[in-house]
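Visitor: Sequence first, then the predicted structure, then my questions.
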Amino acid sequence: MIQGFLAYLLWGIFPLYFPLLQPAGPVEILAHRFVWTLVVMAIVLLVMRKWRELREASARTWGIVSLAAIFIAVNWGVYVYAVNSGHVAEAALGYFINPLVSVLLGVIFLKERLSPLQKWSVAIAAIAVVVLTIGVGRPPVLALVLAFSFGFYGLLKKRVQLSATASLTAESMIMTPLAIAYLVYLGREGTGTFTAHGAGHALLLVSAGFATALPLLLFGIGAKKIPLSTIGLMQYITPTMQMSIAIFIAGEHLEPARWIGYVIIWVAVAVFIADIVIRHRRTRRTRRAEQVRTADSAERVGPADPSERTEPA
């Protein structure tokens, strides 16, 4: 469980990390993030000897990975822009909404069925978006783009027949040529910041690769050891930390309408979490009942082989 907790903790402090990469702009940061993530993941795959997994991937798999790379590029770019432009609270809202969006996408594209509580949580979240749109005068565009881009990314990842490490490496491989081309363009124009602000700034941009890969690797390890319901609860650590940073550290001002909208979102999240807890407890009770029935059946049937009987003939 500690690995999963550390992953969400690292994601939660991203609003404190990305401002350190300025004066690099959001797109330049995104480009460096892909380039250095590829370097880190290439080393990881080399150590784990998983390059064969990519070499044997089908054209269909590479096509899905390419789409996933586009969605994660949008997500990362918009997130960096939101954080470095003083919209940390709206970025946090996006990740509060994201699990509910994932549920909705599962219904639309995977024909999954919603429980009554899940239906209520999605409906309440929709009301919150309407309230924010009316109260603030515009829809929470950044939050919605973050929620839906990561939702579609997760949907595509469910269809990728690759391990998490191989998939992230493949996504970085697809986007890195564009990233390098953009960085070369910035260098020729004299607007790039990698070599213009000293070794410290350059090292911070390089660290974007570690900052991206490390929590994903920790999450991959932790996800195998803890129940899915626990993961569902833990994922709210990140936006809660981000919202706290926005209010208490970044000093963002939230209008009354935004507070109302966020409170409604938290109600939707509470309903969603309640559904996770209820389903988890129900599953545990069902498993225990099945174990008891299996044990009772074994006792009634007794040994199948007459030679195993202990009573006298």
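Guide: Noted; the coordinates are in hand.
Visitor: What residues sit buried inside stretch 245-261?
Guide: The neighbour-count check on stretch 245-261 (16 or more other CB atoms under 10 Å) flags 245-246, 250, 252, 254, 258, 261 as buried. Where C-beta positions appear, they are placed from N, C-alpha and C, glycine not excepted.
Visitor: do the same with stretch 121-136
Guide: 121-122, 124-125, 128-129, 131-133.
Visitor: how far does it sit from the chain's center?
Guide: Its chain's average C-alpha position is 22 Å from that of stretch 121-136, according to CA atoms, centre = their mean, to the nearest Å.
Visitor: Identify all contacting residues around it.
Guide: The contact list for stretch 121-136 (CB atoms under 8 Å, 6 or more residues apart in numbering) reads 97, 100, 103-104, 114, 139-140, 144, 255-258, 260-262, 264-265, 267-269, 271-272, 275.
Visitor: Please narrow those residues to those residing in helices.
Guide: 97, 100, 103-104, 144, 256-258, 260-262, 264-265, 267-269, 271-272, 275 (DSSP state H).
Visitor: where does residue 128 land on pLDDT?
Guide: On the pLDDT scale, residue 128 is placed at 88.
Visitor: start the count at 35, not 1, going forward
Guide: Shifting the count to begin at 35 puts that one at residue 162.
Visitor: Quick check: residue 53 touching residue 119?
Guide: No. Using CB atoms under 8 Å, residue 53 is not in contact with residue 119; the gap is 10.1 Å.
Visitor: Please convert the buried residues of stretch 155-170 to JSON lines, extending it with secondary structure.
Guide: JSON lines is the format used below for those (DSSP: H, G, I helix; E, B strand; the rest coil):
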{"residue": "155", "secondary structure": "helix"}
{"residue": "156", "secondary structure": "helix"}
{"residue": "158", "secondary structure": "helix"}
{"residue": "159", "secondary structure": "helix"}
{"residue": "162", "secondary structure": "helix"}
{"residue": "163", "secondary structure": "helix"}
{"residue": "165", "secondary structure": "helix"}
{"residue": "166", "secondary structure": "helix"}
{"residue": "167", "secondary structure": "helix"}
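Visitor: Among those, which one lies nearest to residue 93?
Guide: For the buried residues of stretch 155-170, the minimum distance to residue 93 (CB to CB) is 35.4 Å, reached by residue 156.
Visitor: what does the model give that closest one for pLDDT?
Guide: pLDDT at residue 156 comes out at 86.
Visitor: Report the separation between it and residue 202.
Guide: Note on residue 156: its distance to residue 202, by CB to CB, to the nearest Å, is 29 Å.
Visitor: coming back round to it: selecting buried members of the contacts of stretch 155-170 in ChimeraX, what would you type?
Guide: Here is the ChimeraX command that picks out the buried ones among the contacts of stretch 155-170, judged by 16+ other CB under 10 Å:
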select :131,134,137,138,174,178,292,295,296,298,299,301,302,303,305,306,309
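Visitor: give me the low-pLDDT residue ranges for the stretch 35-184 of the chain?
Guide: For the stretch 35-184 of the chain, the stretches flagged by pLDDT under 70 are 35.
Visitor: Measure how buried residue 271 is and give me the count.
Guide: Here the count is done by other CB atoms under 10 Å, and residue 271 has 16 residues near it.
Visitor: Kindly confirm whether my reading is correct that it touches residue 42.
Guide: Yes. Here residue 271 reaches residue 42: they are 4.1 Å apart, a contact under CB under 8 Å.
Visitor: Which residues are in contact with residue 117?
Guide: 48-49, 52-53, 125.
Visitor: and with 6 Å instead?
Guide: Contact analysis of residue 117 by CB atoms under 6 Å, 6 or more residues apart in numbering lists 49, 52, 125.
Visitor: Equivalent analysis for residue 268, please.
Guide: 38, 42.
Visitor: what separates it from residue 275, distance-wise?
Guide: Per CB to CB, residue 268 is found 12 Å from residue 275.
Visitor: Leaving out sequence neighbours, find the closest residue to residue 109.
Guide: Leaving aside its sequence neighbours, residue 109 sits nearest to residue 183 (CB to CB, 6 or more residues apart in numbering; 4.1 Å).
Visitor: Could you tell me how many residues sit around the one you found?
Guide: Other residues lying near residue 183 total 23 when counted by other CB under 10 Å.
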